[in-house]
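Participant: Coordinates for the following, if possible.
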Amino acid sequence: MDDTYKIDYKKLEFKCGLEIHQQLSGKKLFCDCPTINSNKEPDIKIERKLRAVAGETGEIDEAAKHEMKKGKKIIYTANSEDTCLVEYDEEPPHQINQKALDTALQVAVLLNAKIVNEIQVMRKTVVDGSNTSGFQRTALIATDGYIETSKGKVGISTICLEEEAAQKIREDNKSITYKLDRLGIPLIEIGTTSEIKDPEHAKEVAAHLGMILRSTGACKRGIGTIRQDVNISIKGGARTEIKGFQDLRSIVKVIENEVKRQLGLIKKGKKIKEEVRKAEPDFTTSFLRPMPGAARMYPETDVPPILITKERIEEIKVPELISEKIEKITKKYKITRDLSKELVKTNRLVLFEKLTKKFKKINPSFIASTLISTTREIKRKFNIDTNKISEKEFEDIFFYLNEDKINKDAIINILIDCAKGTLDIDKYKKIKKEELEEGIKKIIREKKGLSVGAYMGIIMNKYKGKVSGKEAIEILKKLLKDS
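Facilitator: Predicted coordinates:
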């Protein structure tokens, strides 16, 4: 369909819900292995073949049947520094990770949800090979929550705590290879209701939920640690689940293209089946498997139910939301909201507050800009890794600036030297006004008749980093006027 085609989502009876999956840091969900997702060379290799079994209803799930028919050999590789017999399905799961459970309970409170009285871990049949056991362990934590958005309330139907699946490395006609290091990492899954109004609204909801999750301080960061699945349907179409979103910016375009795909099929009189599709890099979708049903779920017998008492709920420490923290920083230090957001996002806030408290003569906005904008500019322009600059080095730089021993103009060069490990602070120390005045007089005597700009070029090159441009031009203009 034409890209310029205007979609009336209300007229289409568009319904959309999100599933957000966020990895947690610390230990894995059912063992004591760390959640580092090791990048070391594998020292474990296992080969298996999996088959689907009947669930609690006595039926085999359609999605499980679909995967089993492929008949492929499953190859698992892993590193022993972050995997154990639990990941290899050679040992029963240990007790559930209480810290991860507490984080899930925090999220439930932040989402205004009703926490269940008893947590029952369930087995969800997965036969694509991504779980060595043939199922994923998942537990319902809370239901019936909500968030406020620019287009009204959006309900939170479920909040679950589950184990992350293994990472697919490669696949051919005969086998699929998975890396087990990711398997078992705690994963919070948030499912919304279908009240999302349009693609832009979906992006807003996903961003808001991501902010709430990060506010706990327990989330892993980086590519692949948070994923979004989108469920959509339109009048005359069929419910479709789209997987594979890691970048919020792609949500809008992928949803638009999927709606256009279904409208095109409806126009041709073709029946649309419920199915799971994959979001492709070009913002289209491709078929993955049939839509799974209730037949895939049954109780986990190796993990006992967990009672959630009133006392435990009352002891939940509700973290400050990142959005609230940003507004507070902006107001308190009188800096831009963008700088406040970046201080929080880059984990520079603690250092920023320490520096502003210690060095009262320096404007907080300049400190924030140095930590965020200047370091970013150095990385972009000079391809220098400013992450190598230590907190102690930042503190030393601002000490000299606070004591008026260096100029602001020298900061970028000082930071570059710090990142390179070649800093000699003495070469940037300010020269006395009298010395600067004598130096400029000498330049004027030796280079008569130049423009102000030409003189300034010579002066700033000679006293690079040791004088401020403002002070130099004031002295230069005075001397030229008097001469």
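Participant: mean confidence score for stretch 243-258?
Facilitator: The average pLDDT for stretch 243-258 rounds to 89.
Participant: what does stretch 420-429 give?
Facilitator: pLDDT averaged over stretch 420-429 gives 86.
Participant: Domains in this structure, by residue range?
Facilitator: The record's domain parsing of the chain by automatic domain parsing lists 15-314, 322-428, 433-482.
Participant: now do the same end-to-end measure for the second one.
Facilitator: Meaning domain 322-428. Taking Cα to Cα, to the nearest Å, the first and last residues of domain 322-428 lie 38 Å apart.
Participant: what's the answer for the shortest one, then?
Facilitator: With Cα to Cα as the measure, the ends of domain 433-482 fall 17 Å from one another.
Participant: Identify the residues contacting whichever strand or helix holds I74?
Facilitator: If you go by DSSP states H and E, I74 is part of strand 73-78. Residues outside strand 73-78 that contact it (Cβ atoms under 8 Å, 6 or more residues apart in numbering): 42-50, 87-88, 129, 132, 166, 169, 174-181. Heads up, the C-betas are built off the backbone N, CA and C, glycines and all.
Participant: Let's see which of the residues you listed end up in helices.
Facilitator: Judged by DSSP state H, helices contain none of the contacts of strand 73-78.
Participant: Which among those residues count as buried?
Facilitator: With burial judged by 16 or more other Cβ atoms under 10 Å, the buried subset of the contacts of strand 73-78 is 42, 46, 50, 87-88, 129, 132, 166, 176-181.
Participant: Among these, show me the least confident.
Facilitator: L50 (68).
Participant: follow-up on the earlier one: quick check: buried residues in the strand holding I74?
Facilitator: I74, I75, Y76, T77, A78.
Participant: thinking again about what came up before, can you lay out the buried ones among the contacts of strand 73-78 as TSV showing distance to I416?
Facilitator: Shown next, in TSV, are these (distance: Cβ to Cβ, whole Å):
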residue	distance to I416
P42	40
I46	49
L50	55
E87	45
Y88	49
G129	49
T132	49
A166	43
I176	48
T177	44
Y178	44
K179	39
L180	43
D181	37
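Participant: Could you single out the nearest of those to I36?
Facilitator: The nearest member of the buried ones among the contacts of strand 73-78 to I36, counting by Cβ to Cβ, is D181 at 7.7 Å.
Participant: right, and that closest one touches S80 too?
Facilitator: No - D181 lies out of contact with S80 (Cβ atoms under 8 Å); the separation is 9.8 Å.
Participant: Is there a neighbour count for K325? I'd like the number.
Facilitator: Around K325 sit 17 other residues, with neighbours defined as other Cβ atoms under 10 Å.
Participant: Quick test: name the residue nearest the centre of this protein.
Facilitator: R221 (5.1 Å; Cα atoms, centre = their mean).
Participant: Let's verify that residue: helix, strand, or coil?
Facilitator: R221 carries the three-state label coil when classified by DSSP: H, G, I helix; E, B strand; the rest coil.
Participant: got a pLDDT number for it?
Facilitator: 89.
Participant: OK, contacts around it?
Facilitator: R221 neighbours (Cβ under 8 Å, 6+ apart): none.
Participant: same check, this time on I20
Facilitator: I188, E189, I190, A206, L209, G210, L213, I226, R227, Q228.
Participant: Looking at these, state which has the most neighbours.
Facilitator: Using other Cβ under 10 Å as the neighbour criterion, I190 leads the contacts of I20 with 30 neighbours.
Participant: Surely that residue is in contact with I156?
Facilitator: Yes - contact criterion Cβ under 8 Å: I190 and I156 qualify, at 6.2 Å.
Participant: coming back round to it: I'd like to know which of the contacts of I20 is nearest to S340.
Facilitator: For the contacts of I20, the nearest to S340 is G210 (17.5 Å; Cβ to Cβ).
Participant: Dihedrals phi and psi, that closest one?
Facilitator: phi -60, psi -40 (degrees, to the nearest 10).
Participant: Report the beta-bridge partners for the residue nearest to it when sequence neighbours are not counted.
Facilitator: Spatial nearest neighbour of G210, excluding adjacent residues (Cβ to Cβ, 6 or more residues apart in numbering): I226 at 6.2 Å. Beta-bridge partners of I226, counted by DSSP bridges, are Q22.
Participant: tell me which element the residue nearest to R337 when sequence neighbours are not counted is part of?
Facilitator: For R337, ignoring the flanking residues on the chain, the nearest one in space by Cβ to Cβ, 6+ apart is T330 at 4.9 Å. Of the helices and strands defined by DSSP H and E, T330 is found in helix 322-333.
Participant: thought I335 was touching P364?
Facilitator: Yes - I335 is within contact range of P364, at 5.8 Å (criterion: Cβ under 8 Å).
Participant: quick one: the helices in the stretch 101-250 of the chain?
Facilitator: With DSSP state H, counting those that start in this stretch as the definition, the stretch 101-250 of the chain shows helices at residue ranges 199-215, 249-267.
Participant: quick one: low-confidence ranges for the chain?
Facilitator: Confidence mapping of the chain against pLDDT under 70 gives the ranges 1-5, 50-57, 60-69, 293-296, 465, 483.
Participant: In it, which strand is the longest?
Facilitator: Taking DSSP state E as the criterion, the chain has its longest strand at strand 135-149.
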